[in-house]
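Visitor: Below are the sequence and a predicted model for it; my questions follow.
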Amino acid sequence: MSKSLAAAVLFGAVTATSAVFAQGMSFDVVDSDRDGFVSFDEVTAVMPDVTEDAFKAADANQDNLLDPAEFSAVQP
């Protein structure tokens with residue numbers, strides 16, 4: 001895959017992920033167990049339209065949790 005195509009695919013994934021998370025929830029509201037991270041279950045409890053693919057795209061370090069920076073990166 002060319003670098004241009006890879007960049008376009010990544011940009012599309014980030015844009016689509018941002019649209020899914022665009023409900024503007026604060027991190028503190030979503031982090032129901034107050035551990036400093038949000039899981040897929042916590043996200044979908046308050047934003048049921050978020051897909052697992054969108055969550056994984058937002059999870060930059062692929063630890064299956066969103067930290068505050070990862071969460072805020074996909075907020076409007």
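Guide: Okay, I see it. Numbering: from 1, shown residues only.

Visitor: Return the helix or strand in this protein with minimum mean pLDDT.
Guide: The weakest-scoring helix or strand in the chain, judged by mean pLDDT, DSSP states H and E, is helix 3-20 (a mean of 43).

Visitor: State the number of residues packed around residue 56.
Guide: 13 (other Cβ atoms under 10 Å). In this view, the C-beta of every residue, glycine as well, is placed from N, C-alpha and C.

Visitor: Could you tell me whether it really is in a strand?
Guide: No - with DSSP: H, G, I helix; E, B strand; the rest coil as the criterion, residue 56 is located in helix rather than a strand.

Visitor: Low-confidence stretches in the protein?
Guide: 1-23, 76 (pLDDT under 70).

Visitor: State whether residue 52 and residue 41 are indeed in contact, as I suppose.
Guide: No - the criterion here is Cβ atoms under 8 Å, and residue 52 misses it with residue 41 at 10.8 Å.

Visitor: returning to that earlier point: which is the next helix or strand following the least confident helix or strand of the chain?
Guide: helix 27-30 (DSSP states H and E).

Visitor: residues making contact with that following helix?
Guide: Residues outside helix 27-30 that contact it (Cβ atoms under 8 Å, 6 or more residues apart in numbering): 38, 42, 43, 45, 46, 47, 68, 71, 72.

Visitor: Count the residues that sit near the nearest residue to residue 52 once chain neighbours are set aside.
Guide: Sequence neighbours aside, residue 40 is the residue nearest to residue 52 in space, at 6.3 Å (criterion: Cβ to Cβ, 6 or more residues apart in numbering). Counted with other Cβ under 10 Å, the neighbours of residue 40 add up to 17.
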